[in-house]
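Enquirer: Quick one: sequence plus predicted model below, questions after.
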Amino acid sequence: MSDWTALLDDLTAYLRWRQECGQRTEEIDPETIRMFLAESPARPARAAAMADPPLPSVGASDVPEARQAALAVIAQQVAGCRSCVLCEKRTQGVPGQGNPISPDVMFIGEAPGAEEDKQGLAFVGAAGQLLTKMIAAMGYTRDEVFIANICKCRPPDNRPPALDEMQACLPYLRAQIAAIRPKIIVALGATAVKGLLQSSAGISRLRGTWTSYAGVPLMPTYHPAYLLRYPLAKKDAWNDLKMVLQRLGKPVPAKKSEET
């Protein structure tokens with residue numbers, strides 16, 4: 001199966017889920033449509049009426065456009081989502097951002113905060129600034145990883161998202177994972193772990209232990225907001241991130257800091 005075939009299968013499953021939720025129309029940005037059409041071979045009108053053409057083979061240089069187009073579709077769906085009550089008080093949805101092409105690491109938190117809701121970007125407040133330092137300590141920039149949340153809308157008063165709210169939003173996250181294909185997921189905090197793994201165990205018990213989600217290795221660790229409140233836990237979080245680097249076969253950067 002080609003990358004292009006797999007991508008279309010993921011999008012088909014996602015759009016079918018939207019249909020089951022009662023969505024009957026889809027608004028897609030014209031530029032996104034042009035990206036897909038640019039990859040489709042020309043065919044006679046009669047052939048078009050009889051059968052779909054063979055999917056084109058997708059070279060490595062074509063993959064970025066295809067995956068970016070998939071993420072654009074997901075972002076548009078997030079912007080118009082009415083699947084749970086969180087849509088009622090949000091300023092805007094926060095789909096997530098970063099490297100769409102098989103990033104080494106995808107960081108997943110629980111939900112946007114006030115600053116994220118304002119800017120439409122994941123992890124840009126105080127906790128986001130600490131996450132940026134954690135990413136840098138691993139030897140990456142924010143643009144080299146992918147950063148998202150389980151819930152794409154801010155819960156009122158920054159309360160933790162409810163389980164049903166996370167469940168309503170998970171199809172978006174799974175579609176993102178299918179599109180970008182991260183090598184490793186880092187789940188940030190107890191709420192993210194609960195939503196992804198359906199586990200009620202505390203983060204202190206689960207952190208530092210490998211599991212998986214959607215077929216991707218997953219490492220639970222502390223949320224940056226928790227680390228801001230309890231700085232002594234930073235050493236444990238850094239040990240978790242070193243395990244991620246080890247699994248990726250990456251060296252620990254010489255100038256890393258456990259005082260992130």
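Expert: Here it is on my side, so go on. Residues are numbered from 1 along each chain as shown.
Enquirer: doesn't residue 71 fall inside a helix?
Expert: Yes: applying DSSP: H, G, I helix; E, B strand; the rest coil, one finds residue 71 inside a helix.
Enquirer: ranges for the helices of the chain?
Expert: 3-20, 30-38, 45-50, 63-79, 114-119, 126-137, 163-180, 190-197, 203-206, 224-229, 234-248 (DSSP state H).
Enquirer: The shortest one packs against which elements?
Expert: Okay, so that is helix 203-206. helix 190-197, strand 216-221 (3 or more CB pairs under 8 Å, 6 or more residues apart in numbering; DSSP states H and E). From N, CA and C alone the C-beta is placed, and that goes for glycine too.
Enquirer: Would you enumerate the residues in contact with the spatially most central residue of the chain?
Expert: With distances taken as CA atoms, centre = their mean, residue 148 lies nearest the centre of the chain, 4.4 Å away. By CB atoms under 8 Å, 6 or more residues apart in numbering, the contact set of residue 148 is 95-98, 106-109, 122, 173, 176.
Enquirer: any chance of these in JSON lines, with pLDDT too?
Expert: Formatted as JSON lines, these follow (pLDDT from 0 to 100):
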{"residue": "95", "pLDDT": "97"}
{"residue": "96", "pLDDT": "97"}
{"residue": "97", "pLDDT": "97"}
{"residue": "98", "pLDDT": "96"}
{"residue": "106", "pLDDT": "98"}
{"residue": "107", "pLDDT": "98"}
{"residue": "108", "pLDDT": "98"}
{"residue": "109", "pLDDT": "98"}
{"residue": "122", "pLDDT": "98"}
{"residue": "173", "pLDDT": "96"}
{"residue": "176", "pLDDT": "95"}
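Enquirer: domain assignment for the chain?
Expert: Using automatic domain parsing, the domain parsing of the chain gives 1-80, 94-260.
Enquirer: Residue 238 and residue 119, how far apart?
Expert: Taking CB to CB, to the nearest Å as the measure, residue 238 falls 27 Å from residue 119.
Enquirer: Look at those two and report which has more neighbours.
Expert: The neighbour count for residue 238 versus residue 119, taken as other CB atoms under 10 Å, is higher for residue 238 (21 against 15).
Enquirer: pretty sure the more buried one contacts residue 137?
Expert: Yes: assessed by CB atoms under 8 Å, residue 238 is found in contact with residue 137 at 6.9 Å.
Enquirer: so the residue nearest to the centre of the chain bridges to which residues?
Expert: Using DSSP bridges, the beta-bridge partners of residue 148 come out as residue 108.
Enquirer: Could you measure from it over to residue 156?
Expert: From residue 148 to residue 156 the distance is 21 Å (CB to CB).
Enquirer: now do residue 253
Expert: Residue 253 is 39 Å from residue 156, by CB to CB.
Enquirer: if you count what's nearby, which of those two comes out ahead?
Expert: Remark: of residue 253 and residue 156, residue 253 carries more neighbours, 13 against 10, as counted by other CB under 10 Å.
Enquirer: Model confidence score at the more buried one, please.
Expert: The confidence metric pLDDT takes the value 93 at residue 253.
Enquirer: residues touching the residue lying closest to it once chain neighbours are set aside, list them.
Expert: Sequence neighbours aside, residue 139 is the residue nearest to residue 253 in space, at 4.2 Å (criterion: CB to CB, 6 or more residues apart in numbering). Residue 139 is in contact with 245, 250-251, 253, 256, counting by CB under 8 Å, 6+ apart.
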